[in-house]
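Engineer: need coordinates for the following:
(2 chains)
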Number of protein chains: 2
Amino acid sequence: MEQENQRLARAALTRLIEPGDLLGAALVDVTGPEEALELMCDDSRKPTAALQQSVSDRLGDAATTRREVRLETGFQRWRTRVPDLAPQRDLDTLRRVGGGFLGPEDPDWPEAVNGLDLARPLGLWWRGQVSPAVGLARPRVAVVGSRDASEYGIRATHELIAPLMERDCQIVSGGAYGIDAAAHRAALGATARGEAPGVRGAPTIAMMAGGLDRFYPAGNESLLREVARTGLLLSEVPPGSSPTRWRFLQRNRVIAALSTLTVVVEARWRSGALATARRAAELGRTVAAVPGSIFSANSAGCHRLMHEVGALPVVSGGDLLELLSLEHSHVSTPHGGMSGRQYDDLDVPDRLLFDALPLRQLTTVDQLCRVAGLSLGAVLSGLSRLRACGLATEADGQWRRSAAK
Amino acid sequence: MEQENQRLARAALTRLIEPGDLLGAALVDVTGPEEALELMCDDSRKPTAALQQSVSDRLGDAATTRREVRLETGFQRWRTRVPDLAPQRDLDTLRRVGGGFLGPEDPDWPEAVNGLDLARPLGLWWRGQVSPAVGLARPRVAVVGSRDASEYGIRATHELIAPLMERDCQIVSGGAYGIDAAAHRAALGATARGEAPGVRGAPTIAMMAGGLDRFYPAGNESLLREVARTGLLLSEVPPGSSPTRWRFLQRNRVIAALSTLTVVVEARWRSGALATARRAAELGRTVAAVPGSIFSANSAGCHRLMHEVGALPVVSGGDLLELLSLEHSHVSTPHGGMSGRQYDDLDVPDRLLFDALPLRQLTTVDQLCRVAGLSLGAVLSGLSRLRACGLATEADGQWRRSAAK
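Structural biologist: Numbers count the residues shown, from 1 in each chain, chains lettered A, B, ... in the order given. Here you go, the predicted structure:
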């Protein structure tokens, strides 16, 4: 009951306090959610000096500089939304479409977001046929990028994600157009095609900026419905909330915190995906970026991240599995031509000898000594080795390279 | 006279000892070039135990493991070429076409190659209208890559080199097809167009694998003639020597050693350019690579280098100048849309307020407080700021966003 009241209070607070409002978060942290909610709902109550001090201390702990610390300013804005409060209705709304609300006290709460400290969400609204317990239990990889992705970015997204699904990873993204949509699709597609036999829970999580009662953007509605059917939608804000620009920027921090590894596939020089990557780096998570053409504006942000936060260049799903310290069975390493490898495997004198062998006309052993700069013994033993591996041919005591080498 | 004899002896030794033959280099180092030459030319002389010991010690110093150390084996191969010796004729050949020979004792010797220690060339044959003194005096950048370069690689090469020429750098490459040729062309082109006003000496150096009496490969003859006219050709081997595969691999180490910075523009998974880059890294030189499509085999080697030797991804000449610690005047940083930058410059409450402003219909201040979650004071002062920078419009006491924002 106590816990149920706490959850209801937190659900209510997600309507009053904007995501990333650290003053609000500090207050909730100090008083607990029920007391914080009561303070906000009762205009007659003023914060005491002792409370102000505790909240200021808590903000100081979070190493927040130049932050607003005056509770009175906070109450002025939080109270403007009190008339809109209806937490039980909000919970009912999500229960109807298949979903609910998680607070940090819930056993299913994703511990990973606690890395955000004070910036951790007050709670998470969820929507999906899969329960959060199953939905939030596997290695998570954030795959993010431009809304106006190029064909290159879309192809790269699918290429990178397929091997991750074979290893039962979960793809986190933001449900937006472009790379986000491609990431969700790649995860769902691999699961639907049975390429991810190990996946029993949600193959993908969409961390949304607005309320989960509707699907936004409209063009992604059928995709997001599919995510809700086999995966999970999450949001910090209650049903009915618009996906504002601020909330888009704020939900990036949750994407970063949820994931062990954040990969930026395509991003312009200025892009929300960079904010996600920087936040991931600040949290000590691994950050990777997909390289691309130096002439593509869509890759400029990826290259920027390699410089600015040391994002690791990744070219395949195998690279990502390595970063996750998951073994991968098939070697994605391309191989060069056979003749190049054979040459490198030769001893130095045999390489010099091979270089000296003419392609067409035959030559004498004496001539080979001079041209290769090798002793008679080295040439004779080398010729027999080269012949043994099919690199040299002899006729009437004279030598040339074997054909097609 | 003493020095002249040394130079003549070294010129002769470049015919007997293959590039990268460390046993030969150690012998020359221990006895000096004249004595080493005499030993090789006189079949009756056997190396003494004391000499063998000194040479073994010298090889040990160079931290060479599993190297052949027996001088007798060396003499067997070096002596095979003694009949071909004609150092004065070789010097005359190069003097005729405009060139000569440099030993480490010469004042014009490029000190940078001494970083190779025992693997430093015995000497360098040069060809060009520019004297080595002028030709080897500026910040050198090696630009190397695939022979079968793509159009992307060629374009990238020109893009990266142009800003370097404005800052009087010198481009070192291998004179081969593909990226090498593009690099020489870009350097020559910038100079010819007067875009490199500071360049008085050689804009580019071609480090060749064969003798400098002829231009190889044939398809690059006119390019290499142009390099000889305004730049410099270098080689470890005397005129008449073939550009063997071994010599191609060996000259890579000289390209790396000559340059402060080595850039790989395009390279396959197995490519000679990677050897150059790895050698550069071993020498403690900066190594950079140009990112490209993850689907392009021509970029696979570049991405490999980022992982294996920590090659820095570079996308512009400005990036290279930064690595060289040379300032560059024009900022190559692309910029995002104006509205993105304006938004980021706003304070947090003003961003929330801007998000809350409707695009078309007007809204009241009270409604804005609720939607934005801001106090009345914050909304009123915020609206006046947003109006001042053209982001908000008021009519009859109601508000919306300004058009086209």
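Engineer: need the three-state assignment for residue A:239.
Structural biologist: coil (DSSP: H, G, I helix; E, B strand; the rest coil).
Engineer: mind checking which helix or strand the nearest residue to it once chain neighbours are set aside is in?
Structural biologist: Sequence neighbours aside, residue A:213 is the residue nearest to residue A:239 in space, at 3.7 Å (criterion: CB to CB, 6 or more residues apart in numbering or on different chains). Where you see a C-beta, it was placed from the backbone N, CA and C, and this is true even at glycine. Secondary structure from DSSP states H and E places residue A:213 outside every helix and strand.
Engineer: so who does residue A:213 touch?
Structural biologist: Residues counted as contacts of residue A:213 (CB atoms under 8 Å, 6 or more residues apart in numbering or on different chains) are A:93-94, A:97, A:239-240.
Engineer: I'd like the next helix or strand past the helix or strand of chain A with the lowest mean pLDDT.
Structural biologist: Least confident helix or strand of chain A, by mean pLDDT, DSSP states H and E, is helix A:338-345 with a mean of 62. Using DSSP H and E, the helix or strand that follows helix A:338-345 in sequence is helix A:348-356.
Engineer: which residues does the most centrally placed residue in chain A form a beta bridge with?
Structural biologist: Closest to where the C-alpha atoms of chain A average out (CA atoms, centre = their mean) is residue A:142, at 2.1 Å. Bridge pairing for residue A:142 (DSSP bridges) gives the partners residue A:172, residue A:262.
Engineer: gap between it and chain B?
Structural biologist: Using CB to the nearest CB, to the nearest Å, residue A:142 is found at 18 Å from chain B.
Engineer: before we move on, what about residue A:137?
Structural biologist: Taking CB to the nearest CB, one finds residue A:137 at 30 Å from chain B.
Engineer: state the helix or strand in which that residue lies.
Structural biologist: Of the helices and strands defined by DSSP H and E, none includes residue A:137.
Engineer: just the strands in the stretch 151-300 of chain A please.
Structural biologist: Per DSSP state E, counting those that start in this stretch, the stretch 151-300 of chain A carries strands over the ranges A:170-173, A:204-208, A:232-235, A:261-264, A:286-289.
Engineer: same question, the stretch 301-405 of chain A
Structural biologist: Under DSSP E, counting those that start in this stretch, the stretch 301-405 of chain A gives strands at A:312-313, A:392-395, A:398-401.
Engineer: give me the distance from the shortest one to the chain's centre.
Structural biologist: When you say that, I think you mean strand A:312-313. Centroid separation for strand A:312-313 versus its chain: 13 Å, with CA atoms, centre = their mean, to the nearest Å.
Engineer: tell me which other helices or strands it touches.
Structural biologist: Contact here means 3 or more CB pairs under 8 Å, 6 or more residues apart in numbering or on different chains; DSSP states H and E; on that basis strand A:312-313 packs against strand A:286-289, helix B:297-308.
Engineer: ok, the second one next?
Structural biologist: Under the contact criterion of 3+ CB pairs under 8 Å, 6+ apart, strand A:392-395 touches helix A:376-388, strand A:398-401.
Engineer: and those as CSV, adding distance to chain B?
Structural biologist: Listed next are the helices and strands packed on strand A:392-395 as CSV, based on distance: least, CB to the nearest CB, whole Å:
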stretch, distance to chain B
helix A:376-388, 6
strand A:398-401, 12
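Engineer: what about the residue of the stretch 101-250 of chain A found nearest chain B, distance to residue B:351?
Structural biologist: At 3.6 Å from chain B, residue A:244 is the closest residue in the stretch 101-250 of chain A, using CB to the nearest CB. Residue A:244 sits 9 Å away from residue B:351 when distances are taken as CB to CB, to the nearest Å.
Engineer: cool, residue A:343 as well?
Structural biologist: On the measure of CB to CB, residue A:343 and residue B:351 end up 61 Å apart.
Engineer: give me the pLDDT for the residue in the stretch 1-150 of chain A that chain B sits nearest to.
Structural biologist: Closest approach of the stretch 1-150 of chain A to chain B (CB to the nearest CB) occurs at residue A:76, with a separation of 3.2 Å. Reading off the confidence values, residue A:76 has pLDDT 93.
Engineer: how many degrees apart are the host helix or strand of it and helix B:348-356 in direction?
Structural biologist: Per DSSP H and E: residue A:76 is located in helix A:71-78. Counting by axes from the mean of the first three to the mean of the last three CA atoms, to 10 degrees, helix A:71-78 lies at 0 degrees to helix B:348-356.
Engineer: check which helices and strands the next helix or strand after helix A:71-78 sits against.
Structural biologist: Downstream of helix A:71-78, the first helix or strand assigned by DSSP H and E is helix A:87-97. Here helix A:87-97 touches helix A:2-16, strand A:99-102, strand A:124-127, going by 3+ CB pairs under 8 Å, 6+ apart.
Engineer: mind checking how far the first one is from the chain centre?
Structural biologist: Just to be clear, that refers to helix A:2-16. 30 Å.
Engineer: do stretch A:16-28 as well
Structural biologist: That offset, for stretch A:16-28, works out to 26 Å (CA atoms, centre = their mean).
Engineer: so how far is residue A:231 from the residue nearest to the centre of chain A?
Structural biologist: Taken as CB to CB, the span from residue A:142 to residue A:231 is 14 Å.
Engineer: same check on residue A:315?
Structural biologist: Applying CB to CB to residue A:315 and residue A:231 gives a distance of 26 Å.
Engineer: can you check residue A:201 too?
Structural biologist: 9 Å.
Engineer: find residues that contact each of the two.
Structural biologist: A:130, A:135.
Engineer: so for these two, which sits in the more crowded spot?
Structural biologist: residue A:231 (26 against 20; other CB atoms under 10 Å in any protein chain shown).
Engineer: quick check: phi and psi at that one.
Structural biologist: phi -120, psi -140 (degrees, to the nearest 10).
Engineer: so it makes contact with residue A:192?
Structural biologist: No: using CB atoms under 8 Å, residue A:231 is not in contact with residue A:192, being 11.7 Å away.
Engineer: what's the neighbour count on residue A:219?
Structural biologist: 11.
Engineer: next one, pLDDT for it please.
Structural biologist: 96.
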